[in-house]
Structures are given as structure tokens and as C-alpha cells.
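Asker: Sequence first, predicted coordinates after that:
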Amino acid sequence: MNRNRATKILATLGPSSSTDDVIERLYLSGADVFRLNMSHGSHSDHSDRLGAIRRVEARHARPIGVLLDLQGPKLRVAKFRDGQVNLSAGQTFCFDQDMSPGSQSRVCLPHPEIFAAAAVGDILLANDGLLRFRITSASLTSLSTEVLAGGVLSDRKGVNVPSAQLPIPALTEKDREDLRFGLELGVDWVALSFVQRAEDLREARNLIRGRAKLMAKIEKPSAVESIEAIIDAADGIMIARGDMGVELPPEDVPVIQKRIIGLCREAGKPVVVATQMLESMVNSTSPTRAEASDVATAVFDGADAVMLSAESASGRFPIDAVQMMNRVVERTEGAPSYREFLRAVRPPATSGTAEAISAAIFTITSRLCVSATVAYTTSGATASRIARERPASPILSLTPDQSVARQLALTWGTRPLQIEDAKDVEDMVSKATTAASQVGFDQNKPLLIAAGVPFGVPGTSNLLRIVWPS
């Protein structure tokens with residue numbers, strides 16, 4: 001499928017989108033990568049979904065990426081005597097480690113790490129931030145608080161402590177089991193939740209051992225503070241705005257989103273904007289105008305991908321949601337100002353032969369109407385470097401490695417395809433021309449070809465050739 005856009009669409013699979021037919025329709029409607037959310041569903045469910053994805057991939061002979069999203073630690077209160085309590089602003093409420101059922105004045109919080117890290121004056125949030133508490137006294141077994149914003153607090157509701165960096169590893173035992181399962185299935189990307197610092201990625205990286213790319217989900221204030229180091233340690237970034245919006249003021253989230261996109265572009269690493277992009281389409285065939293503008297803003301900023309969560313996983317209209325996102329992205333990229341925005345926020349130039357070739361591709365495609373830039377890549381690095389520049393032409397990424405082709409399905413502007421590596425320059429031109437025709441690019445326009453000589457050696461991008469139609 002030759003998409004008429006550069007920004008990719010990441011669609012979450014779930015109860016509404018588990019059959020071969022629906023997954024194929026999602027792909028044909030515009031989904032480039034599918035997300036398996038390990039917070040929901042069984043291993044059997046996800047195995048069936050991945051099998052369906054690979055069958056769709058085989059039928060259409062195009063690489064489709066699969067992202068395994070790990071749940072991460074979940075901090076929750078325990079249970080109440082009556083299932084819930086109604087708290088009022090100004091009252092005192094205590095969180096402790098007593099496992100007896102909660103009451104109007106207290107509840108068990110079975111996470112000693114919170115007690116170890118929390119301090120007087122810290123804000124504690126519950127139920128997605130709807131309830132707010134200020135800690136007035138703290139010990140290793142009890143946190144006395146003043147209720148700042150009241151409401152109903154019920155069994156097993158989530159808790160956040162945005163001002164504290166918690167001594168909790170990003171991987172739980174469930175995550176380790178899910179990761180082993182996903183790697184055995186052959187997923188292409190792994191998204192790590194609850195990242196607070198760059199060091200949190202180390203264990204996941206060691207367990208993955210190069211079998212998939214590692215994406216850090218940015219949800220917590222501490223992750224935002226360490227964002228440059230996290231970007232350096234990860235292969236990609238997901239801006240998880242839902243959880244981020246709980247722990248940070250909503251007015252801060254757009255500024256943080258724009259900054260992270262810019263830093264990822266500078267680093268040449270894929271960045272996904274996620275959560276509530278077309279939320280109203282869970283129950284409606286149309287989004288709000290604000291939601292359409294939200295998607296467009298991410299596209300204008302140069303995000304690699306935009307993501308659908310409940311809209312495609314459990315909503316009533318998963319196909320409509322993907323089609324709508326596809327139309328919004330296409331219309332935004334078709335705006336005359338789109339290229340101007342990308343040029344205005346273009347990352348600074350870097351030194352090196354491969355980087356110089358990528359910069360030259362940006363310049364050439366700005367002045368010459370080429371059909372596509374063909375990137376021969378063994379590891380995916382050549383295509384990623386070209387994508388960093390956001391050239392005016394699509395990037396046809398040719399690689400002999402199927403897993404690399406699937407991983408590149410998430411990268412801006414790329415049309416990955418698995419082929420045998422070229423033997424020499426003439427074979428390179430022949431394979432590039434054939435692949436461009438196969439994908440559907442205009443044969444009456446020239447091709448740009450970027451490669452490394454000798455062929456098949458990673459990190460040797462040193463050749464750029466313009467091939468005119470014969």
C-alpha cells in the first residue's frame with residue numbers, strides 16, 4: 001500500500017478489532033503499525049491478533065509493524081468496607097499499610113515505596129487525578145493528608161505521586177512474562193511504561209537483546225526532567241499524554257509534547273503522540289473539531305506517528321476512527337504551510353558523510369520533483385537519518401532484513417520493503433526501479449538512491465545517485 005502521507009498511524013487492537021477481517025480493513029484504511037496493549041487481554045488473545053496481522057501482511061506483501069505495550073507498575077489503594085467512600089474537601093484522610101478494609105477516614109495503600117519517597121507537602125492524586133490530597137505528616141507506614149479536591153474513592157483506584165521519584169523498577173514480574181511472550185511471538189517494538197530515568201530502560205534492553213526496538217513511554221514529570229538522557233537510551237519515544245496529564249497540569253502538556261517531538265527529531269528517533277487523539281470516536285462516527293486539530297498539530301510538529309487507543313481497540317467504530325485519522329493526516333500534510341512548518345523546526349545539521357548525504361537529499365527534493373528517495377539499509381539507520389531531515393519525497397526503504405522492514409513501518413515518510421541486497425551499483429539501480437514500480441511510485445519522475453558501498457555493510461552510507469526515467 002502506497003500511503004499518500006508521511007506521518008504513520010498506530011492503531012491499538014482489542015475486543016472491537018480482533019478478527020482477520022477487521023484487522024485487514026484497519027490496515028487498508030490506513031493503519032501502519034498495530035499495538036498490542038498488555039494491560040488488557042490474555043496471551044492467547046494477543047497471539048491470535050498477531051497471527052491475523054501476519055496473515056494480512058502476507059496477503060498484501062507489505063511489512064506491518066507490531067508494538068507490544070507493557071503495562072508497568074500499577075499503584076492502587078486497597079478495598080473499602082462498603083466498596084467506596086465520598087470524601088469532602090478540607091477533611092483529613094489517611095493512607096496506611098493496614099490491610100483491613102478502608103473507611104471514611106483511611107485506606108490501605110499497599111506500596112511501601114510510596115511511603116519511603118513521599119514527604120510533607122507532596123501532592124497525592126487518586127482516580128486519574130480527580131481526587132487531590134496534600135500530605136501533612138509522613139512516616140514509613142502512614143501518610144496523613146488533607147483532601148484538596150474531594151469525590152468518590154472506590155476499591156482499587158489508581159494513585160499517583162507526581163512530585164516524588166519512586167524507587168520502583170519499570171518492569172514488574174507480569175511485564176517480564178509479557179515481554180518473554182512478545183519476543184517469542186516476534187513483535188517489532190516494545191513500549192516500556194513507568195519510565196522515570198534513563199537507567200529504567202537497562203533491564204528491558206538486556207532482556208530484549210536486540211530482538212526488538214525499545215520505546216520509552218513518557219508519562220511522569222521525572223521522565224520529562226530527564227528527557228534528553230531517556231531519548232539517548234531509547235530507540236523511540238511515546239508521548240503518553242493521558243497519564244502525563246494526570247501528574248502534570250494540562251496546560252503544560254502541549255508545550256512538553258512540542259519539545260519532545262523536537263528533541264526526537266534532532267536525535268533521529270521515532271516519536272509517537274498518543275492518547276485521546278480522537279476520543280469521542282469511541283462512541284461516535286465523527287470526532288470533535290478540537291480532536292481533529294489535535295491530530296493536525298502533532299503532524300505539523302513533525303511527529304513520526306499518531307496513535308489510536310480505545311478508539312480502535314474497544315470503540316464502536318474502529319474502522320471509522322482509522323479512516324478519519326488518515327484523512328486528517330493527509331489533509332494536514334497537503335496544506336501549503338506543512339512544508340514551511342517542517343523547515344522552520346528542522347533540526348540542526350550534524351557532521352559526517354551519511355549525515356551530509358541526508359541533508360543533500362532534503363535540498364534536492366526541495367528543488368527537484370522526484371518520485372521517491374530509495375534508501376538501501378541493513379540496520380535501518382540510513383532510512384532513519386534521511387527521515388530525520390523530513391525530505392519532500394517519500395522514502396522507499398529497501399532492506400534484506402524482514403524485522404528491520406517492520407520496525408521502519410513506524411518511521412516518518414518510510415515505505416519499507418524487504419528485498420535481497422544489491423550486488424553492485426547497476427543491480428542497485430535495477431532493484432530500486434523495480435521496487436518503486438511495485439510500490440506504485442510515478443515512473444515518469446526521477447528516483448534518488450542512497451546506499452553504502454560496499455553493499456551489506458551497516459553504517460557505510462556514502463553514495464547518492466539520481467536515476468532518470470528511461
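Answerer: Looks like it arrived, so ask away. Numbering: from 1, shown residues only.
Asker: ranges for the strands of the stretch 351-470 of the chain?
Answerer: Under the criterion DSSP state E, counting those that start in this stretch, the stretch 351-470 of the chain contains strands at 372-376, 395-399, 414-418, 447-452, 461-467.
Asker: Pick the most deeply packed of these.
Answerer: strand 372-376 (a mean of 29; mean count of other C-beta atoms under 10 Å). Yep, even glycine has a C-beta here, placed from its N, CA and C like the rest.
Asker: Turn the strands of the stretch 351-470 of the chain into CSV, including distance to residue 73 and mean pLDDT.
Answerer: Converted to CSV, the strands of the stretch 351-470 of the chain look like this (distance: least, C-beta to C-beta, whole Å; pLDDT from 0 to 100):
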stretch, distance to residue 73, mean pLDDT
strand 372-376, 39, 95
strand 395-399, 36, 96
strand 414-418, 34, 96
strand 447-452, 42, 91
strand 461-467, 41, 89
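Asker: Could you export those to a markdown table, including columns for distance to residue 120?
Answerer: Below are these laid out as a markdown table (distance: least, C-beta to C-beta, whole Å):
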| stretch | distance to residue 120 |
| --- | --- |
| strand 372-376 | 56 |
| strand 395-399 | 54 |
| strand 414-418 | 51 |
| strand 447-452 | 58 |
| strand 461-467 | 56 |
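Asker: of all those strands, which lies closest to residue 9?
Answerer: strand 414-418 (13.4 Å; C-beta to C-beta).
Asker: quick one: buried residues of stretch 341-353?
Answerer: Residues 341, 342, 346, 347 are the ones in stretch 341-353 that count as buried (16 or more other C-beta atoms under 10 Å).
Asker: what's in contact with it?
Answerer: 262, 265-266, 268, 300-302, 355, 359, 362, 388-390, 461-462 (C-beta atoms under 8 Å, 6 or more residues apart in numbering).
Asker: how about stretch 80-92: buried residues?
Answerer: 80, 85, 87.
Asker: pretty sure the last one contacts residue 148?
Answerer: No: under the contact definition of C-beta atoms under 8 Å, residue 87 does not touch residue 148, with a separation of 10.2 Å.
Asker: Where do the domain boundaries of the chain fall?
Answerer: Using automatic domain parsing, the domain parsing of the chain gives 8-72+170-333, 84-160, 353-467.
Asker: just how off-centre is stretch 387-402 within its chain?
Answerer: Relative to its parent chain, stretch 387-402 has a centroid offset of 19 Å by C-alpha atoms, centre = their mean, to the nearest Å.
Asker: coming back round to it: nearest to residue 190, of the strands of the stretch 351-470 of the chain?
Answerer: strand 414-418 (18.7 Å).
Asker: Parallel or antiparallel, which strands does that closest one pair with?
Answerer: Sheet pairing of strand 414-418 (DSSP bridges) gives strand 395-399 (parallel).
Asker: sorry, back to before: restricted to strands, list the buried residues of stretch 80-92.
Answerer: Within those, residues falling in strands by DSSP state E are 85, 87.
Asker: Just put the buried residues of stretch 80-92 in a markdown table and tack on pLDDT.
Answerer: A markdown table is the format used below for these (pLDDT from 0 to 100):
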| residue | pLDDT |
| --- | --- |
| 80 | 98 |
| 85 | 97 |
| 87 | 98 |
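Asker: a markdown table for the buried residues of stretch 80-92, including distance to residue 306?
Answerer: Converted to a markdown table, the buried residues of stretch 80-92 look like this (distance: C-beta to C-beta, whole Å):
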| residue | distance to residue 306 |
| --- | --- |
| 80 | 39 |
| 85 | 39 |
| 87 | 37 |
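Asker: Buried by neighbour count, from the contacts of stretch 341-353: which ones?
Answerer: Going by neighbour count (16+ other C-beta under 10 Å), the contacts of stretch 341-353 have 262, 265-266, 268, 300-302, 355, 359, 362, 388-390, 461 buried.
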